[in-house]
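Participant: this is the structure alone, sequence omitted:
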């Protein structure tokens, strides 16, 4: 990675992640679109089951983000030999964590979800989905670790290709397994879960093969698995633990959001799952530029060029917000055409349009929030980032709970909570970056 922080350099890091997100979210779009044809129950259950599964994925993503920050810092310092050691010690943690997550999902999902989900039909379909989806946890954690490595060394193109492999495999298997084409049995929501697991496995296989072909194990000392370095392991854990908890709480709160929405009825939950899919598409540029923000801020500090951080962030925000506005513009112009991808039910489409307009504004707010929040993470001040997230999530939950339980709000008004979240996250992150003591953060 060069020292320059030009728009071209920012784009070179962000665009492969954005392309990877396009492929990843094409999976989300096709899953939701296919299940939308199965029915509202399948659509709602995939939201509940999928969100519950993602809560555990967030634990691995949190540790992976910590590893990414350290790898970026070592890359900025020119200490390539320590990158492989960091990768190996992250694996020491991720493997047992994936086993614990699998056990929790496999054995305790029914006991956790039964008292939380009102609809018997949605509960049963959610458990059916999770019974098969749970096996993807190992592949998902492996992908997270490789993603952290490649973003950390600023070679993000591989992420695009691995996600493309996953997208192609998933789409084909969704078509085959959900509806029973090409001689396969019609499996419905169960088929969607199986397709996702196999697709994740294909992506991991691609990452392993590519890493070997590019000889990264030699260049960066990967897979050496030398004597366990207790000090390094503890340092990695201390950096990553707040991110893990923050991610877990963030997705956990969004899962609670969907549980609240489920109380409004099966159609409200189906609408929210459709909107969730569109919302995630609107956030495609955000993830790419947020990852660039995290990695480049850590790199600048490693190069002792932290005085350029604010200039870097202004440029990233300009590119990120501009990209989101383009997607929002399309969403405002053709809402029915977009929503018809997910459902052929006219009433469901019409009732989803007001919610879609709300998330358009929310996506713009989140563009600011995610980039600035990831900059805070990139400084290595992960405890501060955790406290920022905790404050924002507390207000978010209070707001959603009050709307549903005290004000009798409909699904459209409830989704304004996302706008509140983006504004609060951006404000607190920006305040810390302007006023906080972070420039000498060590990892």
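Facilitator: Here it is on my side, so go on. All figures in this text were calculated on a predicted structure; none of them were measured in a lab. Numbering: from 1, shown residues only.
Participant: what's near enough to touch residue 244?
Facilitator: 58-59, 62-63, 66 (CB atoms under 8 Å, 6 or more residues apart in numbering). For glycine as for every other residue, the C-beta is placed from the backbone atoms N, C-alpha and C.
Participant: the strand or helix carrying residue 350: what's the following helix or strand?
Facilitator: Using DSSP states H and E, residue 350 maps to helix 346-378. Downstream of helix 346-378, the first helix or strand assigned by DSSP H and E is helix 382-405.
Participant: gap between that following helix and the chain center?
Facilitator: Here helix 382-405 is found 18 Å from its chain centre; the criterion is CA atoms, centre = their mean, to the nearest Å.
Participant: rewinding a little: now the helix holding residue 350 against helix 382-405, angle please.
Facilitator: 160 degrees (axes from the mean of the first three to the mean of the last three CA atoms, to 10 degrees).
Participant: ok, and for the longest helix that the chain contains, which residues are buried?
Facilitator: Looking across the chain with DSSP state H, the single longest helix is helix 40-77. By neighbour count on 16 or more other CB atoms under 10 Å, the buried set for helix 40-77 is 40-76.
Participant: circling back to that earlier point, buried set for the helix holding residue 350?
Facilitator: Of the residues in helix 346-378, those buried (16+ other CB under 10 Å) are 348-349, 351-352, 355-356, 358-360, 362-378.
Participant: repeat for stretch 178-197
Facilitator: So, applying 16+ other CB under 10 Å, buried residues of stretch 178-197: 178-179, 187-197.
Participant: in this protein, where is pLDDT below threshold?
Facilitator: 1-4, 16-17, 19-30, 36-37, 439-443 (pLDDT under 70).
Participant: contact partners for residue 335?
Facilitator: 353, 356-357.
Participant: what's the closest non-adjacent residue to residue 98?
Facilitator: residue 141 (4.2 Å; CB to CB, 6 or more residues apart in numbering).
Participant: same thing with residue 45?
Facilitator: Residue 45's closest residue in space is residue 125 (CB to CB, 6+ apart), at 3.4 Å.
Participant: and the gap between that neighbour and residue 157?
Facilitator: Remark: distance between residue 125 and residue 157 (CB to CB, to the nearest Å) = 38 Å.
Participant: what's the answer for residue 339, then?
Facilitator: Taking CB to CB as the criterion, residue 339 is separated from residue 157 by 33 Å.
Participant: more crowded one of those two?
Facilitator: residue 339 (25 against 14; other CB atoms under 10 Å).
Participant: residue 356 is in contact with that one, correct?
Facilitator: Yes. Contact criterion CB atoms under 8 Å: residue 339 and residue 356 qualify, at 6.8 Å.
Participant: spit out the residues that contact those two alike.
Facilitator: Listed as contacting both residue 339 and residue 356 by CB under 8 Å, 6+ apart are residue 278.
Participant: how about residue 224, secondary structure?
Facilitator: coil (DSSP: H, G, I helix; E, B strand; the rest coil).
Participant: numbering from 41 from now on, please.
Facilitator: In the new count, where the first residue is 41, that last one comes out as residue 264.
Participant: tally of neighbours for it?
Facilitator: So residue 264, with other CB under 10 Å, has 12 neighbours.
Participant: residue contacts, it?
Facilitator: Counting by CB under 8 Å, 6+ apart, residue 264 makes contact with 124-125, 128.
Participant: which single one of those is nearest to residue 331?
Facilitator: residue 124 (21.1 Å; CB to CB).
Participant: please, which helix or strand holds the closest one?
Facilitator: helix 120-153.
Participant: report all helices and strands that that helix contacts.
Facilitator: Packed against helix 120-153 by the contact rule (3 or more CB pairs under 8 Å, 6 or more residues apart in numbering; DSSP states H and E) you find helix 80-117, helix 160-173, helix 177-192, helix 270-302.
Participant: could I get these in CSV, plus columns for distance to residue 134?
Facilitator: As requested, the helices and strands packed on helix 120-153 are exported to CSV (distance: least, CB to CB, whole Å):
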stretch, distance to residue 134
helix 80-117, 6
helix 160-173, 19
helix 177-192, 5
helix 270-302, 10
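Participant: between those, which one is nearest to residue 46?
Facilitator: Of the helices and strands packed on helix 120-153, nearest to residue 46 by CB to CB is helix 80-117, at 16.9 Å.
Participant: quick check, distance from the closest one to the centre of its chain.
Facilitator: Here the centre of helix 80-117 is set off from its chain's centre by 5 Å, with CA atoms, centre = their mean.
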